[in-house]
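I would like to see how this sequence folds:
(one chain, ligands or ions: 3)
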Amino acid sequence: MSFDSRFFQLAEDELEQRKLRNERILSQREREIETKQPEIYKIHHELGLTSGRLISLILEHDEDFERKLAELETNNELLQKRLSESLVRAGYPADYLDKPCVCRKCGDTGVSEGRRCECFMEIVKKAAAEDINRTSPMSLSDFADFSLSYYDDKQVTPAGCTAREVMSSNLDFCRNYAENFHLPCNGILMRGATGLGKTHLSLSIASEVIKKGYSVIYGSAPDLFRKCEQEHFGREEGNTIDVLLETDLLILDDVGAEFESKFYSAALYNIINNRMNAAKPTIISTNCDLNELVARYGNRTVSRMKTMDDLIFLGSDVRLMRAGNR
Ligand SMILES: Nc1ncnc2c1ncn2[C@@H]1O[C@H](COP(=O)(O)OP(=O)(O)OP(=O)(O)O)[C@@H](O)[C@H]1O
Ligand SMILES: [Mg+2]
Ligand SMILES: [Zn+2]
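Ligands and ions are numbered 1, 2, ... in the order given. This is a model prediction of the structure:
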């Protein structure tokens with residue numbers, strides 16, 4: 001896996017910002033407690049002296065060291081308990097005077113157990129994803145703007161449902177998927193004719209999942225594949241393929257609309273196979289049916305696609321209906 005060094009720098013900067021923000025919040029709270037609750041502040045201050053005492057103990061290291069250390073620890077625990085109880089009694093959260101942090105694992109230092117903390121790589125991945133999304137002509141959409149009134153509620157499909165029923169269940173599925181998004185989870189294959197809302201629903205999922213703090217890339221397969229190709233043959237700088245493989249959620253729109261080429265079909269296999277092995281979800285939308293997909297990408301790719309949740313889109317072209325109403 002490789003990411004551009006500027007995204008590492010961005011992550012360093014973000015952690016520095018977090019550190020400053022945490023310090024600012026803590027000192028504001030300390031000042032507040034000092035004026036409003038001087039008794040509580042005294043306990044907090046006393047606790048703050050403990051680390052200094054610990055250092056002197058270690059430096060002295062006399063024969064009483066073990067006993068003094070145990071005493072210091074007991075005292076520390078007692079103070080900690082008194083502090084949190086007094087805070088709660090005064091109507092504050094028990095940890096009000098603890099240093100706040102975004103990542104509990106590393107306390108926003110970016111290092112946990114001697115290694116780079118996961119939160120650091122999360123920031124790198126998000127920055128790299130945003131960089132790719134910035135050049136995408138697609139923009140995020142919303143479940144709230146998705147109307148079922150465009151879909152036929154009279155004509156019954158061979159399976160005995162109306163288009164509106166099928167689309168209502170697709171909408172529910174996508175809403176749930178976005179709401180309960182977690183890793184690892186399954187990908188989605190959205191299939192259907194043009195203008196039925198595949199892109200709209202996948203970009204609504206993207207928008208929710210980004211709000212949850214995950215890294216998401218959305219782009220059309222023709223655009224993303226072309227970018228990978230240019231970079232692969234050294235015509236452009238970048239490592240889009242690595243970012244596509246690493247991002248938490250990848251939305252690959254309009255698969256099958258790209259120019260047919262060995263390179264693209266290998267790229268699709270590479271992306272789907274690698275992401276599945278890493279249990280990272282991909283949402284694919286396509287106008288192709290399964291036979292067309294097999295003809296284009298082969299059985300090995302399609303058999304992997306078939307393990308995704310399959311959503312069939314039905315109805316008449318909403319794009320046209322909306323254009324007609326304008
Ligand atoms: N149910 C809906 N309610 C409101 N707007 C919709 C709905 N379905 C689609 N649209 C709008 O219609 C246009 C076409 O929809 P969309 O791009 O999602 O179709 P698609 O299935 O991705 O089509 P294609 O296969 O051509 O890519 C978009 O502007 C989209 O926002
Ligand atoms: Mg589309
Ligand atoms: Zn962390």
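
tell me the secondary structure of Ser168, please.
helix (DSSP: H, G, I helix; E, B strand; the rest coil).

how's this structure carved up into domains?
Following automatic domain parsing, one finds the domains of the chain at 19-103, 135-325.

please see if the last one touches ligand 1.
Yes. Where contact is defined by Cβ under 6 Å from any ligand atom, part of domain 135-325 touches ligand 1, namely 141, 145-147, 150, 194-200, 254, 285, 287, 318-319, 322. C-beta here means a position set from N, CA and C on the backbone, and glycine is covered the same way.

will you turn the domains of the chain into TSV that also has distance to Ala128?
Converted to TSV, the domains of the chain look like this (distance: least, Cβ to Cβ, whole Å):
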stretch	distance to Ala128
domain 19-103	19
domain 135-325	5
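
closest one to ligand 3 among the ones you listed?
Among these, domain 19-103 comes nearest to ligand 3, with 3.1 Å by Cβ to the ion.

the closest one and ligand 3, are they touching?
Yes. Counting by Cβ under 5 Å from the ion, ligand 3 has neighbours in domain 19-103: Cys103.

who's in contact with Lys68?
When contacts are counted by Cβ atoms under 8 Å, 6 or more residues apart in numbering, Lys68 touches Leu57.

longest strand anywhere in the chain?
strand 249-255 (DSSP state E).

that one: partners in the sheet, and parallel or antiparallel?
Pairing partners of strand 249-255, with direction, according to DSSP bridges: strand 216-220 (parallel), strand 282-286 (parallel).

make JSON lines out of those strands and add mean pLDDT and mean neighbour count.
Converted to JSON lines, the strands paired with strand 249-255 look like this (pLDDT from 0 to 100; neighbours: other Cβ atoms under 10 Å):
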{"stretch": "strand 216-220", "mean pLDDT": "97", "mean neighbour count": "24"}
{"stretch": "strand 282-286", "mean pLDDT": "98", "mean neighbour count": "25"}
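
adding distance to Glu23, write these out as a markdown table.
As requested, the strands paired with strand 249-255 are exported to a markdown table (distance: least, Cβ to Cβ, whole Å):
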| stretch | distance to Glu23 |
| --- | --- |
| strand 216-220 | 31 |
| strand 282-286 | 40 |
